[in-house]
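J.: How does the following fold in three dimensions:
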Amino acid sequence: MNKPSLLFAVMNQIKVNDKNTSEINLNCDTLSFPRQEEITDDDSCTSSSSKSCSQLHVSLLSEVMKRNTVIDTVHVDPEIFHMLDDATCKDLFAAIGSLSNLRALEIHGKRKMEKLQITWLTKALQEAVNLRSLRLSNTEFVGTEDDFMHFNDALLLLSCSTLKKFISHQILLPRCYGLDNLIGQALSKTPSQSSLEDIMIIPFANDQQQMNSSTKAIKSLCNISTIKRLSLNGFRFCQEHLVGIAHALADPNTSLEYLNLSCNRLTDKDFLIIAYALELSCENNTTRLTGLNIADNKLKNETGVVLGRILSIKSKLKLLNLSDNRIGDKGGVAIAKALFVNDSLEKLSLRHCSLGDDTIVSIAGSFHINNTLNKLNIKDNRRIKNMLSYRALLEAKEKSTIAAEIAMDFVPIVQQEDADVSKLNIYTIPSTKLVHFERNDIVTLMNFIAKAA
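T.: Residues are numbered from 1 along each chain as shown. Here you go, the predicted model:
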């Protein structure tokens, strides 16, 4: 590739966004790099030529970045580092750090970040004085303890000044450092009044040490009073971790609006610690929590019952995701009954929660009164056997002035005089055995529900 062609490729690399800003995506595909697995021993000449072309491409791109004042987002795949020499790689990080308008940086890829690369990344973070969002995803970090200490210092400085969003998604560290070195030591020093508002930590799936993270790290996150969104997925919490989260929920000065504790193997006993704090803050009218995601845990009917009680008081929850838990009809009916009096919940997911017909009929009844719930997901509940339950839900939804979407497994055949199914915005998948009922059965049931409402 000649130099004019490379210049053209460099300019095409910069994508203009709607707000007169630009982003750059640095990966093997967009830079036309040969991937490591595609290079064989017989390709030495081709590989050398491609590497030289790649380095020239990145060098030109770095020069463009140093002179650009509108680039605000950079995505980097660490795989490209293995196609660059040290000088070109260092120059690239220097160019990233020099971007005066840089707001978001994402390092994403299934390759290693070596010692020198971590050093250059740290320097780039120190120079990125306007950085708002940092995402580190699916990457293995390799370096010494000193390297990580410097990286942590840079992260701490950002979290005290400009950084609002930090995502650590399946980052693999040397086993001797673990999760503490990446977030514990840095964020434990963060003052309660910092710039951080959104934190997501998902440990590496096969790293037992990260899953069994230290109490200090979790408590540190919960003590940052400015956080509005906190996502801690895939951990194995001990009781002290849960108490720390509960304290954050009960604190009248908390800013926490969204809490995601999905995929953590929580039991009813675990969740009751958090639920008590949430219930207390609701009763005192100090809660700000509008979103709760506790999907894919080991929760059962007791959790459903306590959530029904929370939804019945001064809850501000607008989103509740209970998918992939064994809530059952006892917990499901408790939540459905709360919908008769709740005036905040807008989105409810009960997918794959072992629900039966009693829950569905109770939810149908709530639609006659509830004026906020507009999205409901009840897919994959195989204990729902009667066609009557689905029909009751559909007819109640048709009469509701607010309900917009119901995701369910089956839509029964509706006669001409019934609702126009095409206008119901119901998303379905094929279902199995259901018991059919006559038209007079559904009328009887709907009259009963109307009287109960």
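
J.: Regarding residue 370, what is its secondary structure?
T.: coil (DSSP: H, G, I helix; E, B strand; the rest coil).

J.: What's the separation between it and residue 172?
T.: 46 Å (Cβ to Cβ, to the nearest Å). Placement of C-beta: from N, CA and C, glycine included.

J.: out of the two, which sits in the busier spot?
T.: residue 370 (23 against 19; other Cβ atoms under 10 Å).

J.: The more buried one reaches residue 340, doesn't it?
T.: Yes - if you go by Cβ atoms under 8 Å, residue 370 and residue 340 touch, sitting 6.8 Å apart.

J.: in the stretch 151-300 of the chain, which spans are helices?
T.: Counting by DSSP state H, counting those that start in this stretch, one finds helices in the stretch 151-300 of the chain at the ranges 178-179, 185-187, 208-211, 215-222, 239-250, 268-283.

J.: Give me the residues contacting the longest one.
T.: Yep, that's helix 268-283 we're talking about. By Cβ atoms under 8 Å, 6 or more residues apart in numbering, the residues outside helix 268-283 that reach it are 237, 239, 242-243, 245-247, 249-250, 252, 261, 287, 289, 292, 294, 297, 299-303, 306-307, 309-310, 313-316.

J.: Which ChimeraX command selects the buried ones in those residues?
T.: ChimeraX command restricting the contacts of helix 268-283 to the buried ones, with burial defined by 16 or more other Cβ atoms under 10 Å:
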select :237,242,243,245,246,249,250,261,287,289,292,294,297,299,300,301,302,303,306,307,309,310,315,316
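
J.: What is the three-state secondary structure of residue 389?
T.: helix.

J.: Read off the pLDDT value for it.
T.: Here, the pLDDT recorded for residue 389 equals 85.

J.: Please report the distance of residue 386 from residue 355.
T.: Counting by Cβ to Cβ, the gap from residue 386 to residue 355 is 12 Å.

J.: When the two are compared, which one has more neighbours?
T.: residue 355 (29 against 17).

J.: Name the SS class of residue 401, please.
T.: Residue 401 ends up coil, using three-state DSSP.

J.: Ends of stretch 291-304, what's the gap?
T.: 16 Å (Cα to Cα, to the nearest Å).

J.: no wait, stretch 249-269
T.: 17 Å.

J.: and that stretch, which residues are buried?
T.: Here stretch 249-269 shows 249-251, 254, 256-264, 266, 268 as buried, counting by 16+ other Cβ under 10 Å.

J.: same thing with stretch 268-280?
T.: Buried-residue list, stretch 268-280, by 16+ other Cβ under 10 Å: 268, 270, 271, 272, 273, 274, 275, 277, 278, 279.

J.: same question, stretch 86-106
T.: The neighbour-count check on stretch 86-106 (16+ other Cβ under 10 Å) flags 88-99, 102-103, 105-106 as buried.

J.: same deal with stretch 225-245?
T.: Here stretch 225-245 shows 225-235, 237, 241-245 as buried, counting by 16+ other Cβ under 10 Å.

J.: re the thing from before, what is the nearest of the buried residues of stretch 249-269 to residue 321?
T.: residue 262 (7.3 Å; Cβ to Cβ).

J.: Would you agree the closest one is in contact with residue 232?
T.: No - the criterion here is Cβ under 8 Å, and residue 262 misses it with residue 232 at 9.1 Å.

J.: who's in contact with stretch 354-366?
T.: 326-329, 332-333, 335-337, 339-340, 350, 373, 376, 378, 381, 383-386, 388-390, 392-393, 395-397, 445, 449, 452-453.

J.: what do you get for stretch 299-317?
T.: 266-268, 271-272, 275, 278-279, 282-283, 285, 287-292, 294, 320, 322, 325-332, 334-339, 341-342, 344-345.

J.: Inside strands: which ones of these?
T.: 291, 292, 320 (DSSP state E).

J.: export the residues you listed to a markdown table and tack on distance to residue 74 and pLDDT?
T.: As requested, those are arranged in a markdown table below (distance: Cβ to Cβ, whole Å; pLDDT from 0 to 100):
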| residue | distance to residue 74 | pLDDT |
| --- | --- | --- |
| 291 | 29 | 96 |
| 292 | 33 | 96 |
| 320 | 36 | 97 |
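
J.: Let me have these in CSV, extended by distance to residue 132.
T.: Below are those laid out as CSV (distance: Cβ to Cβ, whole Å):
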residue, distance to residue 132
291, 21
292, 26
320, 29
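
J.: Name the nearest of those relative to residue 122.
T.: Top of the list for closeness to residue 122, among the ones in strands among the contacts of stretch 299-317 and by Cβ to Cβ, is residue 291 at 33.5 Å.

J.: Tell me the predicted confidence for the closest residue to residue 404 other than its chain neighbours.
T.: Leaving aside its chain neighbours, residue 404 sits nearest to residue 374 (4.3 Å; criterion: Cβ to Cβ, 6 or more residues apart in numbering). On pLDDT, residue 374 comes in at 90.

J.: How about the one 3 residues further on?
T.: In the predicted model, residue 377 carries a pLDDT score of 93.

J.: swap in residue 228?
T.: On the pLDDT scale, residue 228 gets 93.

J.: try the one 10 residues further on
T.: The confidence metric pLDDT takes the value 83 at residue 238.
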